[in-house]
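# Model the following, please.
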Amino acid sequence: MRVPVSTYRFQISQEFTLHQAAARVPYLRELGVDWVYLSPLLAAEPGSTHGYDVVAHDRVDETRGGPEGLAALSAAAREHGLGVLVDIVPNHVGVAVPDGASWWWDVLRLGRASERAGAFDVDWAAGGGRLRIPVVGDDDQAAPGGPIDHLRVVGSGEQAELRYHDHRYPLAPGTADDGADADAVHARQHYELVGWRTADDQLNYRRFFAVNTLAAVRVEDPDVFAETHTEIRRWFTEGLVDGLRVDHPDGLRDPERYLRDLADLTGGAYVLVEKIVEPGEQLPTTWATAGTTGYDALAHLDRVLTDPSGQAPLDALEARLRGAPVDWEQLVHDRKRHVVDGILHSEVNRIAREVDHVLHGSVTPTADTDRLTDAIGELLACFGVYRSYLPAGGLEHLDAAFGLARRHRPDLTDALDILQPVLGDGWTPPARRFQQTSGMVMAKGVEDCAFYRWSRLTSLNEVGGDPSVFALGVAGFHAAMLERQAEWPHAMTCLSTHDTKRGEDVRARITVLAEQSAAWEAALDELLALVPLPDPGFGALLWQAVLGAWGSSPDDVLRDRLHGYAEKAMREAGDSTTWTAPDAAYEAAVHGAVDAAFDTAEVTAVLDALLARVVDPGWSNALVAKLVALTMPGVPDVYQGSELWEQSLVDPDNRRPVDFDARSVLLAGPPAAVVPTGLHDVGATKLLVTATALRLRRGRPELFASYAPLDASGSAAAHVLAFDRGGAISVATRLPVGLADAGGWGETTLALPEGTWRDLLTDRVVSARLDDMLATLPVALLVKES
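The predicted structure is shown next:
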C-alpha cells in the first residue's frame, strides 16, 4: 500500500475545476506536498458548491472537469511524483432535483417495483405504500392529505409529469388520465407530497442528518455497493487514484464491512475515515483504514496551546453573561433531546417500529410504543459517543447510556428494561438503526447547536473536540502523540478543513484570550455597552469571531463574511431565532453589532486596543500550530490556502476561492523575500514554515520514523513544546503572553541529543539555549549537521 507523506486539499467546483487543479500541481510539488487531496468528484446536483450531494455514481461531474479533468490531474500528479487522494460519499445521494437523480426518479415512478427501490432505505409500510416527499408549503394545503395548491399535470402520455411550483415529479405508468385533476393523479402515485414540517416525525426514508434532500443509500447490499462504486473502481483499475477518504462512515449500517468491501475493490489502497473520536474513545482497530481525518489531533494541538489558568476567569465571565454557570453535560443532553423530539423524530419513530416488530412481530403501534419511543429518545440523548459498532464492539457505550437514561428518567425504567436486550443485540434491525441514528443526533445537537451556545473560549468549540476539556499539558500531549505513533502512524493530521467552525489562525488568535482573560472581559463589557445585544452570551461568541477574522479581508468583504457568520451562528444556536422561524428584531440587533465594528469609531477603538494585545501572540500560536501539525505523528494535510494566514469562519466562508497565483509568486521568490522581519506580513512566515516542514518530510522520511519528547530546564521550561521524530526536532513556543510577562527565555535550555543542530527555518546553527534557538521565530525545525 502506497502511503502519503503529506496531502494538500483542493475544493473542486465549477469555479475551480480538475483542469485548474492540474495546473497547480507544480506549485504543490514546489511547496513540498506528497499527495493532492480532492473533494468529492462524482456527478452532483446542479450548482453544487461542495459535491457531497452526489446524484450519479457512474461518472465524474462534468462541471468539475469530467473524466478528462481527472485524467489530466492524475497525469500531472504522476509527472511530478504526487499521489492522488479522493473524498467519496457512500452514505447518501442528492435528491433535491429528482429528474437529475435517475435512481430516485425511477423509485418515484415505479415505487417498490423499481429495480432501484432496494438502493434506498425506505419504510414503505409506514407511508401506506408511498414515499413521503416533504415539500408542500404551509399556505398550499389546508389539511394533510387534502388538495394542494399549485399542483398541476404537465404534458401527456409517457412525457407527463406532476409539477409543484418548480419541483418536477414522474408519473407512474397509466396514471396520467386525460381530464383528471392534479390531486387525483397525485393520489395514484407511489409517492406523496406532504407538508415540509412533517419531515420531523412522519418521514419514511433515511436521510443524511436532517437534510430531506439527501437520501441515504444501502451500501450494505452487495449489489448496491457494486453499482455505487463503479466509477471509483475505474479510478483504481486505470491507476488514476491512490487512496480514498470516506465521508461519514458512522451513517452506514456496517462500517467495518463497508471498509472491508472497499479494500477488496481498491486492492488494499490507503483509506481514511471521517470519524470523530470522543475523548477516551478508540477507533476500532479491526477496520481496514489507516485512521481518521485528524480532528482528534486538532483537538490535542489546540489545547496544548491553551493556558489552563484562563479557565476559572473565563468560566466566571460566561456564568455572568448567561446568568448562571453553564453545565456542558446538561446542555448537550438537552440539545440532543431537542433534536430527537424535533427534526430527527422520524428516525426515532422508525426505531420504535422496528422494536415493535422484534417484540410483537408487527410494526403496528401498541400501547407500549409511545413509551418505547420516549425511552429511545432518552437513550440517544444520553449516548456519550457518536455510535457503537455492535456486535463487534461498543457495548460499554450503550450500557453507559442506559445507566444515564435510568438516572435521568426513572419513570421510563420499564421501557428501558424492554429495550436493553433488543438494542444490545447488534444483529437486530433496531440495534443497527439505533447505531446509524446516534451519530446524527450527536452532530445536530452538539456541533450544530450546543457549540453555538457556549462562548467561554470558542477556539475549543471545534469539530472533534469537547469544549469542556479546556487545556492539555505538555506531558498529556506527548502521551497522546506516543500513542498515535504506535497505533495510527498513517492517520491524517489537520488544522483546517471544509468543516471546521473556525480556521486555524482564527482559533490561534482566540486562544490568546485564555492568557488575556482580564483584558478580554473589559473589552467585551465595553463592546456590549456600546452595542447592547439581547443575549450577551451570544455576544461573546460573535465578538470572538470578529476578533479572530479581523484584518483578513478588505472591510467591505469582511463585513459581508461576518454578516453571513452571524446569521448562521445565531440560527444554529436556535435559542432566540431559527432557520424556520427567524426573529427579525433579534437578528437586526446582531447584524447591527457587526456593522458597528466597521461604522462606529468607539467600537473600532475597543477592537483595535484588544487586537494590539492578541495579534502578535496569535501569530505565534499560528506558526506553532502549523509546525507541530506538519511534524507530529501522522500524515499532515494542508487545507487549500492555509499555507498563508487562514482566518476563515464556518462554511461556506471556509470554501472561498484561493489566490494561488499570489502564493506561487511568494513561494518562488528569493529566500530573502520569504524570511520575515516580523510577524506582520501576508503570511510569508507561515509559508516558510509550511514549505520547510513539508519538504523535509518528503525528502527525509527517515527523520520522522519515531517520537520522543524533549525536556527543557530553566525558568521558562513550561513555555516550550519540543519533540524528536527520529532526527528531525520540532521546537515550539507555547503561552507566548506568559513568556513575555516573565521576561522571556532567560537561561532556559532544551535537552538536545548530541551533535550540532541547524534550524532549517533560519538556516543557522543553534545552541541548546532557547533564547538563541528561538531568537527570530517562535518555532524551530532542527536537523543534525551532516
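# In the protein, which residue is most central in space?
Asp499 (3.4 Å; CA atoms, centre = their mean).
# residues near the nearest residue to that one once chain neighbours are set aside, how many?
Leaving aside its chain neighbours, Asp499 sits nearest to Val463 (5.5 Å; criterion: CB to CB, 6 or more residues apart in numbering). No exception for glycine: its C-beta is placed from N, CA and C like everyone else's. Look at Val463: counted by other CB atoms under 10 Å, it has 21 neighbours.
# quick one, what contacts Val463?
The contact partners of Val463, by CB atoms under 8 Å, 6 or more residues apart in numbering, come to 276, 295, 298, 447, 497, 499-501.
# Low-confidence ranges, the stretch 1-150 of the chain, go.
Across the stretch 1-150 of the chain, nothing is flagged by pLDDT under 70.
# mind listing the helices for it?
Assigned by DSSP state H, counting those that start in this stretch, the stretch 1-150 of the chain shows helices spanning 18-23, 25-31, 66-79, 102-110.
# closest one to Leu667 among the ones you listed?
helix 25-31 (5.9 Å; CB to CB).
# And what about Arg152, helix, strand or coil?
strand (DSSP: H, G, I helix; E, B strand; the rest coil).
# OK, contacts around it?
Taking CB under 8 Å, 6+ apart as the test, what Arg152 contacts is 162-164, 182.
# Highest neighbour count among those?
Neighbour-wise, the contacts of Arg152 (other CB under 10 Å) top out at Leu162, 24 neighbours.
# Could you pick out the longest helix of the chain?
In the chain, with assignment by DSSP state H, the single longest helix is helix 601-631.
# residue ranges for the strands of the stretch 101-250 of the chain, please.
131-136, 151-154, 161-164, 167-170, 191-195, 207-208, 211-216, 243-246 (DSSP state E, counting those that start in this stretch).
# actually the stretch 501-650 of the chain, not the one I wrote
Counting by DSSP E, counting those that start in this stretch, the strands of the stretch 501-650 of the chain are 635-639.
# Could you point out the helix or strand that follows the helix or strand of the chain with the lowest mean pLDDT?
Every helix and strand of the chain was ranked by mean pLDDT, DSSP states H and E. The lowest is helix 671-674, at a mean of 45. Downstream of helix 671-674, the next assigned helix or strand under DSSP states H and E is helix 684-699.
# Contacts made by that next one with the rest, please.
Here helix 684-699 has contacts from 5-6, 30-34, 619, 622-623, 626-627, 630-631, 636, 638, 643-645, 663, 666-667, 673-676, 679, 703-704, 728, 760-761, 777, 779, 781, 783, using CB under 8 Å, 6+ apart.
# picking that back up, the residue nearest to the centre of the chain contacts Asp651, correct?
Yes. With contacts counted by CB atoms under 8 Å, Asp499 reaches Asp651, the gap being 6.9 Å.
# one step back: can you tell me which member of the contacts of Arg152 has the lowest pLDDT score?
When the contacts of Arg152 are compared by pLDDT, Ala182 scores lowest at 93.
# If we go by neighbour counts, what in stretch 85-102 is buried?
85-98, 100-101 (16 or more other CB atoms under 10 Å).
# my bad, should have said stretch 750-766
Result for stretch 750-766 [16+ other CB under 10 Å]: buried residues 750, 752, 757-762, 766.
# for the residues you listed, which one is nearest Phe16?
Leu761 (30.5 Å).
# how close does the closest one get to Thr776?
The spacing between Leu761 and Thr776, counted by CB to CB, to the nearest Å, is 8 Å.
# same check, this time on Gly251
Note on Gly251: its distance to Thr776, by CB to CB, is 48 Å.
# more neighbours, these two?
A count of neighbours by other CB under 10 Å puts Gly251 above the other of Gly251 and Thr776, at 24 against 18.
# on that earlier part again, buried residues in the longest helix of the chain?
Across helix 601-631, burial judged by 16+ other CB under 10 Å covers 603, 606-607, 610-611, 613-631.
# same deal with stretch 282-290?
283, 287-290.
# what's the first-to-last distance across that stretch?
13 Å (CA to CA, to the nearest Å).
# Stretch 403-416 now?
For stretch 403-416, by CA to CA, the gap between its terminal residues amounts to 10 Å.
# Just the mean pLDDT for it, thanks.
So the average pLDDT for stretch 403-416 ends up being 97.
# quick check, the residue nearest to the centre of the chain in a helix?
No. Remark: Asp499 does not belong to a helix; assigned using three-state DSSP, it is coil.
# neighbour-wise, which of the contacts of Val463 leads?
Within these, Lys501 tops the neighbour count with 26 neighbours, counted by other CB under 10 Å.
# now that one, nearest residue through space, not along the chain?
Of all residues not flanking Lys501 in the chain, Val650 sits nearest, at 4.9 Å (CB to CB, 6+ apart).
# which residues sit in contact with that neighbour?
By CB under 8 Å, 6+ apart, Val650 lies in contact with 500-502, 565, 568-569.
# Fine by me, thanks again.
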